[in-house]
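In: sequence-free structure coming up:
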């Protein structure tokens, strides 16, 4: 068994900076969406991913993979979205074990109303402080981090 590969001083600095930046972005997006749309960012991601799916529908297992959520956490979120009238669930027509989540017209309208503020918050917190070259570099860095896990679907909005 080999020893622990401790982080170098530079790696430790980058790691802590990443954690701070990640938390800043998560907190900013949650605050903005709660204030403007009455929902947490996790719910926005579910609505956004459903809006991009064919017929605005996915099986719950597909949706869980797409939003990088556990099935139980996603089920809880979708139950809240369903209670709000923004998502509807139904049994799959040919696979009785599968449940399909569909974004309702009301949910799509809520998403459409929330999207401009969400995009402005993402832009203000993440992209505005960067140059165009830094944005490209960040994209390349994040793609390299995700590459070993490339069986995952594309990142959520």
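Out: On my side now, so go ahead. Bear in mind that the values here come from a model prediction, so they are computed numbers and not experimental data.

In: Show me what the host helix or strand of residue 143 is packed up against.
Out: Using DSSP states H and E, residue 143 sits within helix 132-146. The contact analysis (3 or more C-beta pairs under 8 Å, 6 or more residues apart in numbering; DSSP states H and E) places helix 132-146 against no helix or strand. C-betas here are computed from N, CA, C, even on glycine.

In: Name the residues of that helix that are buried.
Out: Within helix 132-146, no residue counts as buried by 16 or more other C-beta atoms under 10 Å.

In: which one's the longest helix in the protein?
Out: Using DSSP state H to define each element, the chain has its longest helix at helix 9-37.

In: quick revisit: tell me the mean pLDDT for the helix holding residue 143?
Out: Per-residue pLDDT over helix 132-146 has a mean of 95.

In: Stretch 91-98 too?
Out: 84.

In: distance between the ends of it?
Out: Distance between the two ends of stretch 91-98: 6 Å, counting by C-alpha to C-alpha, to the nearest Å.

In: gap between that stretch and the chain center?
Out: Centroid displacement of stretch 91-98 relative to its chain, using C-alpha atoms, centre = their mean, to the nearest Å, is 26 Å.

In: Touching that stretch from outside, list them.
Out: Stretch 91-98 is contacted from outside by 59-61, 99-100, using C-beta atoms under 8 Å, 6 or more residues apart in numbering.
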